[in-house]
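J.: Coordinates for the following, if possible.
(one chain, ligands or ions: 1)
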Amino acid sequence: MPSTPTNADLFAAARSVIPGGVDSPVRAFGSVGGVPAFITGARGARVVDAEGREYVDLVGSWGPALLGHAHPEVVVAVQAAAARGLSFGAPTAAETELAEAVRRRVPPVERLRLVSTGTEATMTAVRLARGFTGRDLVVKFAGCYHGHSDGLLSAAGSGVATGGLPGSAGVPQAVAAQTLVLPYNDVSALEECFAARGKEIAAVITEPAPANMGVVPPAPGFNAAIRRVTAAYGALMIADEVLSGFRVGPAGFWGLEAVDGWAAEAAESKHAQPTPSWPGGPDGHDTSWRERAAWAPDLFTFGKVIGGGMPLAAVGGRAEVMDLLAPLGPVYQAGTLSGNPLATAAGLATLALADDAVYTTVARRAAQIGQIVSATLNEQGVPHRVQYSGSLFSIMFGPAAAAEGVRDYAAARAQEAWRFAPFFHAFLDAGVALPPSVFEAWFVSAAHGDAEVERIAAAAPAAARAAAKA
Ligand code: PMP
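T.: Here you go, the predicted model:
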């Protein structure tokens, strides 16, 4: 290894000891080609690689970096926690504080359990739903991603979509058969599925604002329809807000759509909308959401922002369901590092800083970046549509996407995805790091300022030309 290794040197070394050279597949640049940047540090909206190149970062660690990287107050909180000890395997008061902070923002979360990854959170939510209902089947939507547990990989988004895979090898057929996959945004398919097998279905798990097949906004009323149909058959609704929770607004996508009828307008609009204020109010546990909310799931899952960049995620919801968890009830779940003090400190510090101003800034910047990139694509005659769910957005390529929008996974897969790799690399060459897949959302932070937007605007024409030529 040379004394100042390049990204290529580091990738070659990694591949000889780590499968594919990465610890999570999409990082390997499989669908865009080339060598991934090996990151040595990050601050605010910028990341730096092993060759000393600095990028405006639109990956944001795939979601957690809402405040930007290494926010000084978050770093200090983690350092202070580290000085007190890295892990105890015993309860700490900070876990209660974090659970209370979540409940203040998302009052249907009457109880919360902390875990370490989104995968664990959704896996536990599904087990709870089965334990509560005594039923086995789970419904998921094609193109939604809920982590890599056996039962949730069928027709999954994110890296499974990027790799063009139907699911995963190593999942027993008997396990896969417990998951029914439906097209997203299709109320009739949902109703027909429940009419046929409703009494066997434990839960519908959904991303209330899907962002793992690119960003596909829920059609107005779709989340409410899931709630109506599941309730009619005694099945649970699980809202997987691992990605959207605490990112698109203080109470996640639920707070935006269910409480204020926000998404119905947003779906009609090309622009990200300003976020409403807290549904539960900043103090105390408010139950008024029951009258105000158009829909509420039984269970939520959270990840990413809730851990502020540290390994932390959570499952929460109705006390009656959550209290089935061990040690109170018969549904088993555990974790050596669950509620880890460093991760809890990062999460608490992040949520304390993520006020309305942060959400307004992120939504405004996201709309601005989306509009700039879209205008340059238009100048080059590249048919496309920027799809938004709050501050989450991604670009769908092709005339069909431009004309009709993308409402489901079939349409997301039918887009002109091949335009993305040259577009991505032109941005990267100009110092702007996009998520390396057309099936991922772009992540903006509160640290993205005018300088970052200018860099993106300067890079966009070459990227648009590259997309046009592809
Ligand atoms: N659910 C959703 C909606 C996600 O976006 C992700 C990760 N991108 C997960 C679950 C899985 O989380 P993790 O990668 O932490 O296991």
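J.: Please list the residues of the stretch 1-150 of the chain that sit near the ligand.
T.: Proximity of the stretch 1-150 of the chain to the ligand, by C-beta under 6 Å from any ligand atom, involves residues 62, 117-119, 122, 145-147. In short, each C-beta sits where N, CA and C put it, glycine included.
J.: Among these, give me the pair with the biggest separation.
T.: In these, the most distant members under the criterion C-beta to C-beta are W62 and T122, with 15.6 Å between them.
J.: can you give me the strands in this structure?
T.: 39-43, 46-49, 54-57, 111-115, 137-141, 179-182, 201-206, 236-241, 299-302, 313-317, 384-389, 392-397, 432-433 (DSSP state E).
J.: can you list these in CSV and add mean neighbour count and mean pLDDT?
T.: What follows is those, written out as CSV (neighbours: other C-beta atoms under 10 Å; pLDDT from 0 to 100):
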stretch, mean neighbour count, mean pLDDT
strand 39-43, 15, 98
strand 46-49, 19, 98
strand 54-57, 22, 98
strand 111-115, 23, 98
strand 137-141, 25, 98
strand 179-182, 19, 97
strand 201-206, 25, 98
strand 236-241, 29, 98
strand 299-302, 30, 98
strand 313-317, 28, 98
strand 384-389, 24, 98
strand 392-397, 26, 98
strand 432-433, 22, 98
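J.: Which one of the ones you listed lies nearest to K469?
T.: From the strands of the chain, taking C-beta to C-beta, the stretch that ends up closest is strand 392-397, at 13.1 Å.
J.: Which one's more surrounded, W62 and T122?
T.: Legend: neighbour count by other C-beta atoms under 10 Å for W62 and T122, higher for T122 (28 against 17).
J.: got the residues of the stretch 351-470 of the chain near the ligand?
T.: Taking C-beta under 6 Å from any ligand atom, no part of the stretch 351-470 of the chain reaches the ligand.
J.: Low-confidence stretches in the stretch 351-470 of the chain?
T.: By pLDDT under 70, the stretch 351-470 of the chain contains no weakly predicted segment.
J.: Which parts of it are helices?
T.: Taking DSSP state H, counting those that start in this stretch to define them, one finds helices in the stretch 351-470 of the chain at 356-379, 399-404, 409-414, 420-429, 450-469.
J.: With mean neighbour count added, can I get these in CSV?
T.: Output for the helices of the stretch 351-470 of the chain, formatted as CSV (neighbours: other C-beta atoms under 10 Å):
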stretch, mean neighbour count
helix 356-379, 19
helix 399-404, 14
helix 409-414, 20
helix 420-429, 21
helix 450-469, 18
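J.: re earlier: closest one of the residues of the stretch 1-150 of the chain next to the ligand to the ligand?
T.: The ligand lies nearest to G118 out of these, by C-beta to the nearest ligand atom, at 2.2 Å.
J.: any idea how far E454 is from A239?
T.: Separation of A239 from E454 (C-beta to C-beta, to the nearest Å) stands at 37 Å.
J.: Next one: the closest residue to A231 other than its chain neighbours from E120, what distance?
T.: Using C-beta to C-beta, 6 or more residues apart in numbering and skipping the chain neighbours, the partner closest in space to A231 is M237 (7.7 Å). Look at M237 and E120: by C-beta to C-beta, they are 20 Å apart.
J.: what do you get for A129?
T.: Relative to E120, A129 is positioned 15 Å away (C-beta to C-beta).
J.: These two - which one has more neighbours?
T.: Applying other C-beta under 10 Å to A129 and E120 shows that A129 carries more neighbours, namely 27 against 23.
J.: Touching, that one and L299? I think so.
T.: Yes - contact criterion C-beta atoms under 8 Å: A129 and L299 qualify, at 6.9 Å.
J.: For these two, list the residues in contact with both.
T.: Counting by C-beta atoms under 8 Å, 6 or more residues apart in numbering, the contacts common to A129 and L299 are 203, 236, 238, 321.
J.: Same list, these, but only the ones touching the ligand.
T.: Checking the shared contacts of A129 and L299 against the ligand by C-beta under 6 Å from any ligand atom, not one of them is in range.
J.: Pull the number of nearby residues for the closest residue to A13 other than its chain neighbours.
T.: The shortest distance from A13 to any non-neighbouring residue, by C-beta to C-beta, 6+ apart, is to M1 (6.2 Å). By the criterion of other C-beta under 10 Å, M1 has 8 neighbours.
J.: Could you measure from G143 over to V331?
T.: Taking C-beta to C-beta, one finds G143 at 28 Å from V331.
J.: With neighbour numbers in mind, choose between these two.
T.: Ranked by neighbour count (other C-beta under 10 Å), G143 and V331 place G143 first, with 28 against 18.
J.: surely the more buried one meets S158?
T.: No - the pair G143 / S158 is not scored as a contact, 9.3 Å apart, by C-beta under 8 Å.
J.: if I look at these two, which residues touch both of them?
T.: Joint contacts of G143 and S158 (C-beta under 8 Å, 6+ apart) are N212.
J.: tell me the contacts of the closest residue in space to H71 that isn't next to it in sequence?
T.: Among residues not flanking H71 along the chain, L353 sits closest, at 6.7 Å (C-beta to C-beta, 6+ apart). If a contact means C-beta under 8 Å, 6+ apart, then L353 has 67, 71, 73-74 as its contacts.
J.: Pull out the buried residues from these.
T.: Among the contacts of L353, those classed as buried by neighbour count (16 or more other C-beta atoms under 10 Å) are 67, 71, 74.
J.: can you redo the residues you listed as JSON lines with pLDDT?
T.: Conversion of the buried ones among the contacts of L353 to JSON lines gives the following (pLDDT from 0 to 100):
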{"residue": "L67", "pLDDT": "98"}
{"residue": "H71", "pLDDT": "98"}
{"residue": "V74", "pLDDT": "98"}
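J.: Nearest to the ligand: which residue in the stretch 251-400 of the chain?
T.: In the stretch 251-400 of the chain, the residue that lies nearest the ligand is G303 (4.7 Å; C-beta to the nearest ligand atom).
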